[in-house]
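Peer 1: sequence first, then the predicted structure:
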Amino acid sequence: MEAVILIVVLMFVAFLALGAYATVKAVGAAKRGVDRKVEQARRAVEDTTLRARSFAQPGAASELAQLRLRLRGSMRATQDALHAGVGDDPTLQESLGLFDRLSAHGRELDADLKRLESEPDKAHLARLLPDLRARTEQITASADALRHAARDRASHFASDDLDDLSRQIDVEAGALRHWTTTTDTPQTGSTPRTGPSPHSGPTPQTGPTPRTTPAAEAAPQPGPERARPQITPSGPRPAYPWQKKPRPESTT
């Protein structure tokens, strides 16, 4: 009896531990989802503010906003492209490593641009702008090169796969059209039957009429042509998204 009670207690404790673990995982996933939504909202607000500043404030402040928008847009697009393609192409892991190193320089440049937005010395800001433009151009060019290369690689592999599939379908289509079997070809070597000449009389019989033997009666007689294989499968056909649903029959 004590062993049964001990087993029940252990099972209860195990269920409690499992429930606590599941709760912690669910809370963590919910927290990560909320943090991701907050981060996306913060980025959207910052991008909207930078766009408004690039149009409303002429001069160095407008150029700083434009540089930040260009940097953030290029880095974000490259990150999304690499993360989306690495699941299908593991060779992009090295590209992701290079992008992480590039992201460190991008974050540093974005912090410098953001800090200079509140710079009161316009002459000092004007002297810094050429170097800021060159750094932005270098970082965005590298990010764009990674993104374009990853997309070209995915497009090339998809095109090769489609070409192979088209060739296989052409071969299969040609094989499906060869439905003629050997029974459909006419038999060769048969001797044509000759009858009596229309200008001559009846041919006299030179001997008694041959009797039919049991072996001849047992010989197989030519039957109908062999049935061709059924093309349409007997089972239900699979449904595809582009197929229209059949309309119900009218009861009127």
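Peer 2: That came in fine, so what should we check first? Residues are numbered from 1 along each chain as shown.

Peer 1: and the helices in this structure?
Peer 2: 2-56, 60-85, 92-116, 122-176, 214-218 (DSSP state H).

Peer 1: now the ones you listed in a markdown table, with mean pLDDT?
Peer 2: Putting those into a markdown table (pLDDT from 0 to 100) gives the following:
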| stretch | mean pLDDT |
| --- | --- |
| helix 2-56 | 74 |
| helix 60-85 | 90 |
| helix 92-116 | 92 |
| helix 122-176 | 90 |
| helix 214-218 | 48 |
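
Peer 1: any chance of TSV for those, columns mean neighbour count?
Peer 2: In short, each C-beta sits where N, CA and C put it, glycine included. TSV is the format used below for the helices of the chain (neighbours: other Cβ atoms under 10 Å):
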stretch	mean neighbour count
helix 2-56	11
helix 60-85	18
helix 92-116	15
helix 122-176	13
helix 214-218	7
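
Peer 1: quick check: domain ranges of the chain?
Peer 2: 1-56, 58-176 (automatic domain parsing).

Peer 1: on the pLDDT front, check the residue lying closest to Leu92 once chain neighbours are set aside for me.
Peer 2: Distance criterion Cβ to Cβ, 6 or more residues apart in numbering; nearest residue to Leu92, sequence neighbours excluded, is Val86 at 4.4 Å. pLDDT for Val86: 84.

Peer 1: which ones are touching Val86?
Peer 2: By Cβ atoms under 8 Å, 6 or more residues apart in numbering, Val86 lies in contact with 92-93, 96.

Peer 1: now do it against Ala149, distance only.
Peer 2: Distance of Val86 to Ala149, computed by Cβ to Cβ, to the nearest Å: 13 Å.

Peer 1: repeat for Asp47
Peer 2: In terms of Cβ to Cβ, Asp47 sits 26 Å off from Ala149.

Peer 1: equivalent analysis for Ala77, please.
Peer 2: Ala77 is 13 Å from Ala149, by Cβ to Cβ.

Peer 1: one more: Leu132?
Peer 2: Leu132 is 26 Å from Ala149, by Cβ to Cβ.

Peer 1: circling back: between the contacts of Val86, which sits nearest Asp160?
Peer 2: Closest to Asp160 out of the contacts of Val86 is Leu92 (17.3 Å), distances taken as Cβ to Cβ.

Peer 1: that closest one against Ala84, yeah?
Peer 2: No - with contact defined as Cβ atoms under 8 Å, Leu92 does not count as touching Ala84 (9.6 Å).

Peer 1: number of nearby residues for Arg177?
Peer 2: For Arg177, the tally of surrounding residues (other Cβ atoms under 10 Å) stands at 8.

Peer 1: contacts only, for it.
Peer 2: With Cβ under 8 Å, 6+ apart, Arg177 has no contacts at all.

Peer 1: separation between it and Val171?
Peer 2: In terms of Cβ to Cβ, Arg177 sits 11 Å off from Val171.

Peer 1: and Ser62, by the same measure?
Peer 2: Between Ser62 and Val171 the distance is 61 Å, computed by Cβ to Cβ.

Peer 1: kindly report the same for Val4.
Peer 2: 68 Å.

Peer 1: again with Asp88
Peer 2: As for Asp88, its distance to Val171 is 27 Å (criterion: Cβ to Cβ).

Peer 1: next one: Glu108
Peer 2: Relative to Val171, Glu108 is positioned 56 Å away (Cβ to Cβ).

Peer 1: swap in Ala56?
Peer 2: 64 Å.

Peer 1: do Arg107 as well
Peer 2: Separation of Arg107 from Val171 (Cβ to Cβ) stands at 53 Å.

Peer 1: could you do Arg68 as well?
Peer 2: According to Cβ to Cβ, Arg68 and Val171 sit 55 Å apart.
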